[in-house]
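Asker: below is the sequence, then the predicted model.
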Amino acid sequence: MGVKNLWDIIESCKKTIPLHHLQNKRVSIDLSCWMVQLQNVNKSHCSLKDKLYIKGLFHRLRALIALNCTLIFVTDGSIPAIKLSTYRRRLKSGTETLQDEINLNNTSSLRRNMGSEFSCMIKEAKLLGMALEVPCLDGVEEAEAQCALLNSESLCDGCFTSDSDVFLFGARTVYRDICLGEGGFVVCYEMADIERELGFGRNSLITLSVLLGSDYSPGVRGLGPESACRIVESIGDKGVLQRIALEGLSFARKGSRKQGCSRRCNHKENESDRQLNINGSERDLQGEKHFQQVVGAYLKPKCHSADSEAVHGSNIKEQRCSKS
């Protein structure tokens, strides 16, 4: 999911570029996102037993390798503790998940079920990558966070992912989708365009996640994207996180009133949303502490550092040097 409504907010910055523009590029691939895309195509045509997703993955890799792209798969590691409630909702709170919830207070993260159908698909994809000499870097937690770090450290020129929170983790160039064949193209977003055209830097996007909701936070109930954007714009990228630190989420209510917009403006509420009463109660303080954790999770995600053995072992540094 990423950040609610973020793809819509940055729609004006979307670029469709010819596939051949990726020639000689170094690209990281959020493997789970690709497999979800290919799995959805597979489901619409035939059963998973036919494994069209592997065929689709092969064609994507073949096309990029033909362009002399340097590729690296990045996979998800453990589920961050801050994301567990979202993960449980997606699994519809199965028996095993409920048992984990009992021990939530003692859990910093949760290992994924490596025996699940989707995990088996990831293993198959990694085997295909290995056969095509595409290395794989297993992330500590979020794959898109690891992709963002590789991009921000100039270890890759861009990253393929459909999780919009990759920008909040620090990515600069993101490829959301790829289309093969004659007239093939990729859908690209550049953080530089988002900063220039919308005035939203990384801090602003993190604040939007706090207001609108993301995998890490339910957001502020009733606050729609237009209102949230106006609030963030009124503060500016440099000072917006400091404003949260000083005032908590009360700045959102002040900003909403100042902008003269309805709390229900352009926003269809979800049943999962919750009302945040910003009045200093114990519950509110707990909520604001959570949002501070959200900010920290985006600014300092758990990843392999650029100088780590894991990154060295993936050969991405050596590949970078050979491309230079």
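Answerer: Done, it's in.

Asker: make it CA atoms for all contacts and neighbour counts henceforth
Answerer: OK.

Asker: quick one: the strands in this protein?
Answerer: Taking DSSP state E as the criterion, the chain carries its strands at 15-18, 26-30, 70-75, 79-80, 109-110, 136-138, 158-160, 173-179, 185-190.

Asker: so which of the ones you listed comes closest to Val41?
Answerer: Evaluated over those, closeness to Val41 peaks at strand 173-179, with 13.0 Å, by Cα to Cα.

Asker: sheet partners, orientation included, of the closest one?
Answerer: Taking DSSP bridges as the criterion, strand 173-179 pairs within the sheet with strand 158-160 (parallel), strand 185-190 (antiparallel).

Asker: hey, C-alpha coordinates of the longest one in PDB?
Answerer: What follows is strand 185-190, C-alpha atoms only, in PDB (Å, rounded to 0.1, in the frame of the first residue of the first chain):
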ATOM      1  CA  PHE A 185       8.100   2.000 -21.500                       C
ATOM      2  CA  VAL A 186       8.500   2.500 -17.700                       C
ATOM      3  CA  VAL A 187       6.500   4.700 -15.400                       C
ATOM      4  CA  CYS A 188       9.000   6.900 -13.600                       C
ATOM      5  CA  TYR A 189       8.900   9.400 -10.700                       C
ATOM      6  CA  GLU A 190      11.800  11.600  -9.700                       C
END
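
Asker: pull the residues that contact it.
Answerer: Under the criterion Cα atoms under 8 Å, 6 or more residues apart in numbering, residues 13-20, 172-179 lie in contact with strand 185-190.

Asker: the same query, at a cut-off of 10 Å, please.
Answerer: Outside strand 185-190, the residues that touch it by Cα atoms under 10 Å, 6 or more residues apart in numbering are 7, 10-22, 158-160, 167, 171-180.

Asker: touching stretch 12-19 from outside, list them.
Answerer: With contact meaning Cα under 10 Å, 6+ apart, stretch 12-19 is reached by 7-8, 63-64, 67, 175-198.

Asker: next, format the strands paired with strand 173-179 as a markdown table and append mean neighbour count.
Answerer: As requested, the strands paired with strand 173-179 are exported to a markdown table (neighbours: other Cα atoms under 10 Å):
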| stretch | mean neighbour count |
| --- | --- |
| strand 158-160 | 27 |
| strand 185-190 | 19 |
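
Asker: mean pLDDT and distance to Ser204 added to those, as JSON lines?
Answerer: Supplementary listing: those in JSON lines, determined by pLDDT from 0 to 100; distance: least, Cα to Cα, whole Å:
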{"stretch": "strand 158-160", "mean pLDDT": "98", "distance to Ser204": "21"}
{"stretch": "strand 185-190", "mean pLDDT": "98", "distance to Ser204": "15"}
